[in-house]
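Novice: Here's a sequence, model it:
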Amino acid sequence: ALRLSYLRAGGHHPAILAQLLQLQAEATALETRPRKSRRPAPAVPAEPPGTGAQDLDAAMLALELGNRRLEDELLALKVRRERRADAGSQAAQRQAEELAQLQAEVGMLRCHAERTGARLPPAILPPPVAPQFPL
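Specialist: From the prediction side, this is the model:
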C-alpha cells in the first residue's frame, strides 16, 4: 500500500522504489514463515530451487516480488507518460488561446481602421537628387 501510494503521488525515484520493494519482501517473508521459527526465511533464494516445498515457496515468493517490481515500473512509466501528455496538451492549449487572442486583436484593429478610414501615412522620401553634369 505504501509503494502504491508513493507511485500514485507521482514518486518514481528508483532508489526509493527499490527500498520499498525490499521492505515489502521482508514483510512478506515475515508473514509467510512459521510462527515457531526465529530464523527469517530468505526473501530471494540464493541458488536455483530444488524439489523441496520450502524451495518452491521461496521461488514463488521471488517470482511474485519480481512481478510486483515490474508492475511498479509499468505504473511509474504510465504516470510519466500521462504527465508528459498533460504538459503537452496544456502547452498546446496556451498556444491556441494566445493565437485566438492575437487573431481577435488583429480583427479589431482592421475593423477600427476600416471605420475611421485610417490609412498609413505616405512614405517620406528624401529630396530628389539632381543629375550631375559633366565638367
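
Novice: Pull out the buried positions in the helix or strand where Gln22 lies.
Specialist: Element membership of Gln22, judged by DSSP states H and E, is helix 14-32. When burial is assessed from 16 or more other Cβ atoms under 10 Å, helix 14-32 yields the following buried residues: Leu17, Leu20, Leu21, Gln24, Ala25, Thr28, Ala29. From N, CA and C alone the C-beta is placed, and that goes for glycine too.

Novice: Quick check: pLDDT value at the residue nearest in space to the middle of the chain.
Specialist: Nearest to the mean C-alpha position of the chain, by Cα atoms, centre = their mean, lies Arg80 at 2.7 Å. Note on Arg80: pLDDT of 87.

Novice: any idea how far the residue nearest to it when sequence neighbours are not counted is from Gln132?
Specialist: Distances taken as Cβ to Cβ, 6 or more residues apart in numbering place His12 nearest to Arg80, at 6.4 Å, with adjacent residues excluded. For His12, the distance to Gln132 equals 78 Å [Cβ to Cβ, to the nearest Å].

Novice: More neighbours: which of these two?
Specialist: His12 (16 against 6; other Cβ atoms under 10 Å).

Novice: Check which helices and strands the least confident helix or strand in the chain by mean pLDDT sits against.
Specialist: With mean pLDDT, DSSP states H and E as the measure, the helix or strand of the chain carrying the lowest mean pLDDT is helix 2-8 (a mean of 78). Counting contacts by 3 or more Cβ pairs under 8 Å, 6 or more residues apart in numbering; DSSP states H and E, helix 2-8 packs against helix 14-32, helix 53-116.

Novice: Can you spell out which helices and strands pack onto the longest one?
Specialist: Contacts defined by 3+ Cβ pairs under 8 Å, 6+ apart place helix 53-116 against helix 2-8, helix 14-32.

Novice: coming back round to it: can you give me the mean pLDDT across the helix holding Gln22?
Specialist: 81.

Novice: I'd like to check the angle between that helix and helix 53-116, please.
Specialist: If you take axes from the mean of the first three to the mean of the last three Cα atoms, to 10 degrees, helix 14-32 sits at 140 degrees to helix 53-116.
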